[in-house]
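Peer 1: 3D model of this:
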Amino acid sequence: MSDLLLVEDDTPLAELIAAYLGQHGYKVHTTARGDTACAHVRRLKPVLVILDIMLPGMDGLKVCQQLRHDYPGLPILMLTARDDTYDQVLGLEMGADDYIPKPCEPRLLLARIRTLLRRSVMPDTTPEDRIVIGQLHIDMSERLVHWQGREIDMSSAEFNVLVALARHAGEVQSRDQLLQQVRGIEFNGVDRTVDVAISKLRRRFEDVGNDPRRIKTVWGRGYLMSRTEWEA
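Peer 2: Numbers count the residues shown, from 1 in each chain. Take a look at the predicted model:
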């Protein structure tokens with residue numbers, strides 16, 4: 001049984017989520033305070049954290065930022081206010097891998113958890129598990145990224161977008177194609193997951209400015225990873 005940590009101060013909701021996920025093979029540990037979340041992660045070593053934004057002690061955005069710093073590969077699913085794009089974008093900027101609006105539908109929550117865990121599992125090593133483009137080295141078996149000889153930490157969402165682009169370097173990938181690989185859903189015209197991940201990847205690879213060269217925007221079509229701009 002896989003251990004999950006749920007950080008939620010709405011006790012009835014936390015009990016509902018824990019009971020439902022418990023019926024589907026997960027052991028859910030709960031805490032109602034943001035300032036205790038990191039200690040629980042250190043002690044429990046959960047495979048995934050479900051994190052509310054509005055919490056006593058420390059808000060969920062700060063908790064997410066700290067967890068992402070301390071545990072780069074830990075999947076984090078944030079619970080956000082319904083239709084609050086601001087909260088959703090902030091959560092992604094702080095390092096969340098996915099979000100789901102409250103009140104959350106248990107079956108949708110379960111599906112998102114399974115998708116995140118499936119994408120975070122390390123597969124058996126094969127020659128195709130490594131992608132090298134100039135000085136960019138991606139090891140999909142270990143989920144490691146090196147550029148210019150140094151390791152680059154990133155969230156699961158960023159890693160998955162990077163892999164999707166790298167596998168099709170030189171080809172345009174639409175938001176729908178990228179979103180399917182990151183969240184397993186179709187682009188609905190407003191979801192910002194891919195755009196936030198692209199923005200963060202550009203900052204990590206020093207590709208900011210009005211004319212990004214490594215990860216290009218192809219207006220009206222999507223994004224394209226260059227085959228030639230990763231040498232320097």
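
Peer 1: Who are the contact partners of the residue nearest to the spatial centre of the chain?
Peer 2: When Cα atoms, centre = their mean is applied to the chain, the residue found nearest the centroid is Asp97 (1.9 Å). Residues in contact with Asp97, defined by Cβ atoms under 8 Å, 6 or more residues apart in numbering, are Pro75, Ile76, Leu77, Leu116, Ser155, Ser156, Ala157. Backbone N, C-alpha and C define where each C-beta goes, glycine included.

Peer 1: what's the answer for Lys200, then?
Peer 2: Lys200 makes contact with Glu93, Met154, Ser155, Glu158, according to Cβ under 8 Å, 6+ apart.

Peer 1: same deal with Val182?
Peer 2: Asp98, Arg119, Ala157, Asn160, Val161, Ala164, Thr193, Val194, Ala197.

Peer 1: give me the element the third one is part of.
Peer 2: If I follow you right, that is Ala157. helix 156-167 (DSSP states H and E).

Peer 1: Which elements pack onto the helix or strand following that helix?
Peer 2: Past helix 156-167, further along toward the C-terminus, the next helix or strand under DSSP H and E is strand 172-173. Applying 3 or more Cβ pairs under 8 Å, 6 or more residues apart in numbering; DSSP states H and E, one finds that strand 172-173 contacts strand 222-225.

Peer 1: Do me a favour and average the pLDDT over the strand it packs on.
Peer 2: Averaged across strand 222-225, the pLDDT comes to 94.

Peer 1: Do a quick rundown of the strands in this protein.
Peer 2: 2-7, 26-31, 48-52, 76-81, 98-102, 130-133, 136-139, 144-147, 150-151, 172-173, 215-218, 222-225 (DSSP state E).

Peer 1: Please produce JSON lines containing the ones you listed, extended by mean neighbour count.
Peer 2: Formatted as JSON lines, these follow (neighbours: other Cβ atoms under 10 Å):
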{"stretch": "strand 2-7", "mean neighbour count": "22"}
{"stretch": "strand 26-31", "mean neighbour count": "18"}
{"stretch": "strand 48-52", "mean neighbour count": "25"}
{"stretch": "strand 76-81", "mean neighbour count": "23"}
{"stretch": "strand 98-102", "mean neighbour count": "20"}
{"stretch": "strand 130-133", "mean neighbour count": "16"}
{"stretch": "strand 136-139", "mean neighbour count": "19"}
{"stretch": "strand 144-147", "mean neighbour count": "18"}
{"stretch": "strand 150-151", "mean neighbour count": "10"}
{"stretch": "strand 172-173", "mean neighbour count": "18"}
{"stretch": "strand 215-218", "mean neighbour count": "16"}
{"stretch": "strand 222-225", "mean neighbour count": "22"}
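
Peer 1: Nearest to Arg202 among those would be which one?
Peer 2: Among the strands of the chain, strand 215-218 comes nearest to Arg202, with 5.7 Å by Cβ to Cβ.

Peer 1: Quick one: list the elements packing against the closest one.
Peer 2: helix 193-204, strand 222-225.
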